[in-house]
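> Predicted model, plus sequence, below.
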Amino acid sequence: MTRYQQSHWQNEMRLTIDFNNMMEDYIGPEEGFSKEHIDALTVKIAKAHQSMTVKRNTGAMDWRKLPLDQQEVVRDILETAQGIRSWCENFIVLGIGGSALGPLAVHTALNHLHYNELPVEKRGGPKFYVLDNVDPERVHDLLDIIDPATTVFNVISKSGSTSETMAQFMIVYQMLQEKIGDQYAKHVIATTDAEKGNLIKIARQEGFKTFIIPGGVGGRFSELSPVGLLAAAVCGIDIKELLAGAAFMEEICGEANVYQNPAYMLGALQYLAMRRGKNISVMMPYTDSLKYFADWYAQLWAESLGKRTSLTGEEVFVGQTPVKALGTTDQHSQVQLYTEGPFDKVVTFLTVGRYRKEINIPKVFEEIQGIAFLGGHTLSELITAEQMATEYALMKAQRLNFTISLPEINAFTIGQLIQLLEIETAFTGELLNINAFDQPGVEEGKNATYALLGRPGYEAKKEELESRPIKKIEFTL
Ligand code: PA5
């Protein structure tokens with residue numbers, strides 16, 4: 001039996017949620033909440049739970065099933081990854097937003113922090129890059145350092161039509177044809193929708209190896225689909241353990257009772273905070289390995305909850321602006337604002353029980369009192385103390401904050417964290433009575449880009465853009 005199938009190990013690795021510092025007992029009645037505040041949401045929570053259950057069972061939340069129903073896909077991914085690992089020196093994801101942030105977050109969480117600089121024997125797999133922009137300098141410089149003959153490009157686009165990703169793909173496609181010749185198709189893997197968009201058509205026509213993003217799985221909820229799993233497996237991550245962690249959290253979060261469901265409790269508290277005008281949600285991991293998790297969460301939270309209209313059609317203009325911070329680094333830049341600035345934030349700390357590596361601080365300069373006290377401690381003791389100290393400072397300043405603790409960082413706990421935050425986001429969407437799964441604001445920008453660059457069918461949009469107010473010279477310096 002593998003470790004993630006053993007219930008004592010699973011329980012040892014269970015994430016914990018500490019929301020003491022959201023409560024009035026700790027940060028006072030003016031800012032904090034009481035059990036009465038939570039209990040007053042009972043009807044709303046029950047309705048949200050009911051709606052989540054219906055959506056889960058009718059295909060509108062198929063991302064919740066990803067940890068449970070992908071056995072065949074996982075087999076295919078593992079086989080493909082093994083093949084890639086045997087000959088490939090670089091594995092490059094071409095994608096943006098939900099098709100890029102998850103792969104990067106999971107890779108950074110679970111692999112060596114200088115993975116690409118490791119010698120190949122230590123890496124065991126290809127170097128890994130995520131190209132999630134169309135800055136010509138960035139695209140040029142990446143293509144400049146890789147040998148296409150030993151590179152696989154994983155083009156990921158759920159819609160199969162996003163301008164950035166398709167432009168990158170077109171550049172790579174031509175480069176491969178020129179430099180590789182007949183065998184170019186071996187260097188492309190497409191991950192996309194089964195039917196919609198151009199990418200699936202091209203992939204079929206060209207005979208690219210293809211993975212499908214299931215229907216009810218939107219971009220920002222797709223990390224546990226082939227979007228994230230292939231890159232993870234190629235870089236040596238145990239994807240079965242990752243999915244087992246997510247399945248473990250999925251079960252915990254099936255509970256209707258908010259006091260037993262961590263995703264619901266986090267969502268309910270954020271909802272209460274939003275109602276009091278806390279419009280900023282800071283995620284502050286105290287480990288570099290979760291630095292890009294804060295980016296992934298920022299997209300999930302912002303794009304899902306930032307909405308103009310409610311499900312019943314009223315203008316609501318809801319959402320919380322996500323902010324990424326890193327402990328301890330940002331203690332020296334942002335925490336001053338968090339403790340003394342406006343009362344408009346909720347801070348989520350991500351902490352680690354046991355760091356995977358340890359470094360002792362040597363006992364040197366013992367005659368200098370101001371630093372001698374550090375000697376004999378470890379870096380994990382220092383970073384843990386800094387987190388507790390920051391949490392204390394926030395609590396003392398009556399600032400809402402809670403902590404999600406990972407006993408250690410491994411595939412099982414990362415799987416839990418993904419599922420937890422996705423369910424929390426969807427649930428908060430239910431409480432806000434908005435559609436957490438669309439992104440009309442993003443689509444508007446996508447459509448305007450198509451129009452500006454002359455995509456057929458977007459002539460009316462082009463006209464609309466051309467009739468926008470002309471900028472005045474007097475407002476330009
Ligand atoms: O979450 C989302 O839906 C978006 O962020 C998309 O992931 C992003 O716009 C990229 O879309 P696509 O995967 O269709 O290229």
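Looks like it arrived, so ask away.

> Touching stretch 115-132 from outside, list them.
With Cβ atoms under 8 Å, 6 or more residues apart in numbering as the contact definition, stretch 115-132 has outside contacts at 81, 84-85, 88-97, 100-101, 103-104, 107, 111-112, 138-139, 142, 146, 150-152, 164, 168, 231, 234-236. Every C-beta, even on glycine, is put in place using the N, C-alpha and C of the backbone.

> Sort out for me which of those residues are in helices.
81, 84-85, 101, 103-104, 107, 138-139, 142, 164, 168, 231, 234 (DSSP state H).

> For the residues you listed, work out which two are farthest apart.
Across the ones in helices among the contacts of stretch 115-132, the two members that end up farthest from each other (Cβ to Cβ) are 85 and 164, 27.7 Å apart.

> Pick out whichever of these two has more residues nearby.
In this view residue 85 and residue 164 are compared by other Cβ atoms under 10 Å, and residue 164 has more residues nearby, 21 against 17.

> The more buried one contacts residue 138, doesn't it?
No - the criterion here is Cβ atoms under 8 Å, and residue 164 misses it with residue 138 at 11.4 Å.

> Between the two ends of stretch 450-458, what distance do you get?
7 Å (Cα to Cα, to the nearest Å).

> how distant is it from the center of its chain?
The chain centroid and the centroid of stretch 450-458 are separated by 31 Å, computed with Cα atoms, centre = their mean, to the nearest Å.

> Tell me the secondary structure at residue 210.
Classification of residue 210 using DSSP: H, G, I helix; E, B strand; the rest coil returns strand.

> Likewise for the one 10 residues further on?
Under three-state DSSP, residue 220 falls in the helix class.

> And it, how far from the ligand?
3 Å (Cβ to the nearest ligand atom, to the nearest Å).

> Identify the residues contacting that residue.
Residue 220 touches 97, 98, 101, 299, 300, 303, 304, counting by Cβ under 8 Å, 6+ apart.

> now with 10 Å?
Neighbouring residues of residue 220 by Cβ atoms under 10 Å, 6 or more residues apart in numbering: 63, 97-99, 101-102, 158, 296-297, 299-304, 422, 425, 436-437, 439.

> same thing with residue 300?
Going by Cβ under 10 Å, 6+ apart, the list of residues near residue 300 reads 98, 101-102, 219-221, 223, 322, 418, 421-422, 424-426, 436.

> mind redoing it with 8 Å?
Here residue 300 is in contact with 220, 221, 421, 422, 425 (Cβ under 8 Å, 6+ apart).

> what does residue 200 give?
Taking Cβ under 8 Å, 6+ apart, one finds 160, 190, 192, 193, 194, 210 in contact with residue 200.

> any chance of those residues in TSV, plus distance to the ligand?
Putting these into TSV (distance: Cβ to the nearest ligand atom, whole Å) gives the following:
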residue	distance to the ligand
160	7
190	12
192	8
193	8
194	13
210	14
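
> thinking again about what came up before, tell me which of the contacts of residue 220 fall in helices.
101, 102, 296, 297, 299, 300, 301, 302, 303, 304, 422, 425.

> ok, which of these also contact the ligand?
With Cβ under 6 Å from any ligand atom as the criterion, the ones in helices among the contacts of residue 220 include residue 303 near the ligand.

> Which pair of the ones in helices among the contacts of residue 220 spans the longest distance?
The widest separation within those (Cβ to Cβ) is 14.9 Å, between 102 and 302.

> Could you check which of those two is surrounded by more residues?
residue 102 (33 against 18).

> Neighbouring strands - and their directions - for the longest strand belonging to the chain?
Using DSSP state E, we find that the single longest strand of the chain is strand 345-354. Sheet pairing of strand 345-354 (DSSP bridges) gives strand 280-285 (parallel), strand 401-408 (parallel).

> residues in contact with the longest one?
The set of residues external to strand 401-408 that reach it, using Cβ under 8 Å, 6+ apart, is 12-22, 266, 269, 346-356, 391, 394-395, 413-414, 416-417, 420.

> Buried ones from those, can you make that a PyMOL selection?
Buried members of the contacts of strand 401-408, defined by 16 or more other Cβ atoms under 10 Å, are picked up in PyMOL with:
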select buried, resi 13+14+15+17+19+21+22+266+269+346+347+348+349+350+351+352+355+391+394+395+413+414+416+417+420
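
> separation between the closest residue to residue 349 other than its chain neighbours and residue 324?
Excluding the flanking residues, the one nearest residue 349 by Cβ to Cβ, 6 or more residues apart in numbering is residue 403, at 4.3 Å. In this view, residue 403 and residue 324 are 17 Å apart by Cβ to Cβ, to the nearest Å.

> Residue numbers of the stretch 351-477 of the chain in contact with the ligand?
Near the ligand, when you scan the stretch 351-477 of the chain using Cβ under 6 Å from any ligand atom, you find 439, 442.

> circling back: would you show me how to pick out the buried ones of the contacts of stretch 115-132 in PyMOL?
The PyMOL selection below is limited to those of those classed as buried (16+ other Cβ under 10 Å):
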select buried, resi 81+84+85+88+90+91+92+93+94+95+96+97+100+101+103+104+107+111+112+139+142+146+151+152+164+168+231+234+235+236
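
> what are the C-alpha coordinates of stretch 20-32, in PDB please?
Provided in PDB are the C-alpha atoms of stretch 20-32 (Å, rounded to 0.1, in the frame of the first residue of the first chain):
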ATOM      1  CA  ASN A  20      -9.300  32.300  15.600                       C
ATOM      2  CA  ASN A  21      -8.100  35.600  14.300                       C
ATOM      3  CA  MET A  22     -11.300  36.200  12.400                       C
ATOM      4  CA  MET A  23     -13.300  36.000  15.600                       C
ATOM      5  CA  GLU A  24     -14.200  38.800  18.100                       C
ATOM      6  CA  ASP A  25     -12.700  36.800  21.000                       C
ATOM      7  CA  TYR A  26      -9.300  37.600  19.500                       C
ATOM      8  CA  ILE A  27      -9.500  40.700  17.500                       C
ATOM      9  CA  GLY A  28     -12.400  42.400  19.300                       C
ATOM     10  CA  PRO A  29     -16.100  42.900  18.500                       C
ATOM     11  CA  GLU A  30     -15.600  45.800  16.100                       C
ATOM     12  CA  GLU A  31     -13.600  43.800  13.500                       C
ATOM     13  CA  GLY A  32     -14.100  40.200  14.600                       C
END
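
> Good, wrapping up.
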